[in-house]
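Q: how does the following fold in three dimensions:
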Amino acid sequence: MSVIVAKQLEKTYVAGDITVKAVQGVSFTIEPASFVSFVGPSGSGKSTLLNMIGCLDPPTSGSLEVVGQDISNLSRKEAALFRGEHIGFVFQDFNLIPVLTVFENVEYPLQMVQNWSPPERKKRVQELLDAVGMGDQGDKYPGQISGGQKQRVAVARALVTNAKLVLADEPTANLDRETANRIITLMKKMRDEFDTTFVFSTHDPRVVENAEIIFNLEDGKLIKSANSEGDRHA
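A: Next up is the predicted model:
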């Protein structure tokens, strides 16, 4: 089963007399355990596409399936439940909750959207923190760790609910080159370990050169797609 199937996807925003077609007639398929980048200049529709895939913004028309479910017409409540169960998010500014510890930040999705017992939560969170190399940092607060460590925590949080799809919007934008490369390597390791599909919206050539599938967008249209030479699914 494909993780994402988009057919003639459209998103139009209307503000007064102004109509903006942010995404126009976009169709694509993404398979399980893929490492995918949407690339293009600002305003090309990358973030809009990620928002639609993440059930944050419904499409105007067309169809969109994620992990086998048509999400085109979900209510707000249905969309929130679907996100919590199936999708993880990684952001450029980390989006960690400053008053929660590292452990509590990773645990938070389990408390909010899944009925896990405290012992199950503790075991799962520690497993993910160990996997991203933060197993001994659980008692620290976000303000006490580096940017690279924050992004490692964000990756752990994205995966803690067993999400098979992680959406990453410019996840390396606030990181130096060496740290960004480590985060990309980490996400590939998590993909291999958990069979998770990672979908990026990015300007960062470091992310693009590591992607196995690249979708190029321009003015809301998909103008080109390509598999890199290193695509393990080719």
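
Q: where does the residue nearest in space to the middle of the chain land on pLDDT?
A: The centre of the chain sits closest to Leu167, judged by CA atoms, centre = their mean, with a distance of 1.0 Å. If you check Leu167, the pLDDT there is 97.

Q: one more: Ala234?
A: 36.

Q: from what I can see the residue nearest to the centre of the chain touches Ile87, true?
A: Yes. Using CB atoms under 8 Å, Leu167 is in contact with Ile87, at 6.4 Å. The C-beta positions use only the backbone N, C-alpha and C, and glycine is treated the same way.

Q: intersection of neighbour lists for the two?
A: Common neighbours of Leu167 and Ile87 (criterion: CB atoms under 8 Å, 6 or more residues apart in numbering): Ile53, Gly54.

Q: now do the buried residues in the worst-scoring helix or strand of the chain on mean pLDDT.
A: Lowest by mean pLDDT, DSSP states H and E among the helices and strands of the chain is strand 221-227, with a mean of 83. Neighbour-count burial for strand 221-227 flags Leu222 (criterion: 16 or more other CB atoms under 10 Å).

Q: cool, stretch 165-179 as well?
A: By neighbour count on 16+ other CB under 10 Å, the buried set for stretch 165-179 is Leu165, Val166, Leu167, Ala168, Asp169, Glu170, Pro171, Thr172, Asn174, Leu175, Thr179.

Q: what do you get for stretch 30-49?
A: 30, 33-40, 44-49.

Q: tell me the bridge partners for the residue nearest to the centre of the chain.
A: Phe89, Val199 (DSSP bridges).

Q: tell me the residue furthest from the middle of the chain?
A: Most distant from the centre of the chain: Asp17, at 33.3 Å, with distances by CA atoms, centre = their mean.

Q: same for the longest helix along the chain, what does it pack against?
A: Longest helix in the chain, counting residues (DSSP state H): helix 177-194. The contact analysis (3 or more CB pairs under 8 Å, 6 or more residues apart in numbering; DSSP states H and E) places helix 177-194 against strand 35-39, helix 147-159, strand 197-202, helix 205-210.

Q: what helices or strands is the longest one leaning on?
A: Same thing as helix 147-159. Contacts defined by 3+ CB pairs under 8 Å, 6+ apart place helix 147-159 against strand 87-91, helix 102-113, helix 118-131, strand 165-169, helix 177-194.

Q: contacts for it?
A: Contacts with helix 147-159, where a contact means CB under 8 Å, 6+ apart, come from 88-91, 94-96, 102, 105-106, 108-109, 125, 128-129, 131-134, 137, 142, 145, 166, 171-172, 174-175, 179, 182-183, 186-187, 190, 194, 196.

Q: between helix 118-131 and that helix, find me the angle.
A: Relative orientation of helix 147-159 and helix 118-131, computed by axes from the mean of the first three to the mean of the last three CA atoms, to 10 degrees: 140 degrees.

Q: buried set for helix 147-159?
A: Residues of helix 147-159 classed as buried: Gly148, Gln149, Lys150, Gln151, Arg152, Val153, Ala154, Val155, Ala156, Arg157, Ala158, Leu159 (neighbour count, 16+ other CB under 10 Å).

Q: what does the last one give?
A: Applying a neighbour-count criterion of 16+ other CB under 10 Å, the buried positions in helix 205-210 are Val207, Val208, Asn210.
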